[in-house]
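In: starting from these lines, generate the structure:
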Amino acid sequence: MTYIDGFVVAVPTDRRDAYRDHAVRGWTLLHAAGAARQGEGWGDDVPHGTLTDFHRAVQAGEDETVVFSWIEYTDKAARNAAATQIMAAPGMDELAATMPFDGKRMIYGGFEVVVDTGATSPDTGYIDGFLIPARDKQAYLAMAMRAEAVFRDHGATRVVEAWGDDVAAGKVTGFPQALHLQDGETVVFSWIEWPSKAVRDAGMAKVMADARMQMPPDAMPFDGKRMVYGGFALLFQS
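Out: All right, here's what the predicted structure looks like:
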């Protein structure tokens, strides 16, 4: 089963290029260790919520931009082996010492991919990213499979849903804190890939009007008030 490490980071806005360079250098080590793909999305349409949002998740300041990022592996064993190899890799110490962001506020975790439809395209230009506090896995999967067909019918090229597996609260920030996670809930890390922001904007409007997406709030298999979401321009993909 495909496995991902998911990340959310607050990066000083004026260090965008430095962050991309850091990600590219990191990919050299990750790929050598067995990672299959890396994606980095630079915050573009990331709203402030009343209860939760990406900004709160990483305590982002006004001069910082939220980055939504993930690394894909063939399975959890490949991810664990890569983590061990990377820690001992030449260049890792230098990479860690030159992070262009506050690592103490980075949130991260491991997730099992439970939905992956469509295909990654080299022309991908825009990402919608989500963090979701889910409870009933089967009910969530049923909803996700209905929704992915709607998104792809209206222009999305790939839909991924990943179920929390190795997701712990951090000392400062973490996925559980970001979603006000409750007993019995699991973090879902999800994203939708689009060719461009224009395609995403037009497609999302059609998705919201599609009858297949209409569902009473009390029928949703998660608390929508605590869902975190935003739009990200693809900064780097391997």
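
In: after the one helix or strand in the chain whose mean pLDDT sits lowest, which helix or strand is next?
Out: With mean pLDDT, DSSP states H and E as the measure, the helix or strand of the chain carrying the lowest mean pLDDT is helix 92-97 (a mean of 91). Toward the C-terminus, helix 92-97 is succeeded by strand 107-118 as the next helix or strand (DSSP states H and E).

In: next secondary structure element downstream of that next one?
Out: Per DSSP H and E, the first helix or strand lying C-terminal to strand 107-118 is strand 126-134.

In: report the angle between that next one and strand 107-118.
Out: On the basis of axes from the mean of the first three to the mean of the last three CA atoms, to 10 degrees, strand 126-134 is oriented at 110 degrees to strand 107-118.

In: going forward, begin numbering at 29 instead of 1
Out: Okay, using 29 as the starting number, the last item reads as strand 154-162.

In: tell me which residues are up against the least confident helix or strand of the chain.
Out: Applying CB atoms under 8 Å, 6 or more residues apart in numbering, the contact partners of helix 120-125 are His50, Arg53, Gly54, Leu57, Ile114, Gly131. Glycine gets a C-beta too; all of them are placed from N, C-alpha and C.

In: helices - which of those residues land there?
Out: Residues from these lying in helices, with DSSP state H as the criterion: His50, Arg53, Gly54, Leu57, Ile114.

In: and the closest residue to the first one other than its chain neighbours, its phi and psi?
Out: It stands for His50. With CB to CB, 6 or more residues apart in numbering as the criterion, His50 has its nearest non-adjacent residue at 5.7 Å, and that residue is Pro128. Backbone geometry at Pro128, expressed as degrees, to the nearest 10, gives phi -90, psi 40.

In: count the residues that sit near Ala63.
Out: A total of 22 residues lie near Ala63 under the criterion other CB atoms under 10 Å.

In: regarding it, what is its secondary structure?
Out: The three-state label for Ala63, taken from DSSP: H, G, I helix; E, B strand; the rest coil, comes out as coil.

In: wait, it sits on Glu100?
Out: Yes - applying CB atoms under 8 Å, one finds Ala63 in contact with Glu100, separated by 6.8 Å.

In: within the helices and strands, which one has Trp219?
Out: strand 214-222.

In: just the angle for the following helix or strand past that strand relative to strand 214-222, thanks.
Out: Per DSSP H and E, the first helix or strand lying C-terminal to strand 214-222 is helix 225-237. Relative orientation of helix 225-237 and strand 214-222, computed by the same axes, to 10 degrees: 120 degrees.

In: distance from the chain centre to helix 225-237, please.
Out: Averaging C-alpha coordinates over helix 225-237 and over its chain gives two centres that are 19 Å apart (CA atoms, centre = their mean, to the nearest Å).

In: what is whichever helix or strand comes after it packed up against?
Out: Counting by DSSP H and E, the next helix or strand C-terminal to helix 225-237 is strand 256-265. Counting contacts by 3 or more CB pairs under 8 Å, 6 or more residues apart in numbering; DSSP states H and E, strand 256-265 packs against helix 44-61, strand 65-73, helix 82-85, strand 92-101, strand 154-162, helix 225-237.

In: got a markdown table for the ones you listed, with distance to Lys253 too?
Out: As requested, those are exported to a markdown table (distance: least, CB to CB, whole Å):
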| stretch | distance to Lys253 |
| --- | --- |
| helix 44-61 | 31 |
| strand 65-73 | 20 |
| helix 82-85 | 14 |
| strand 92-101 | 20 |
| strand 154-162 | 10 |
| helix 225-237 | 18 |
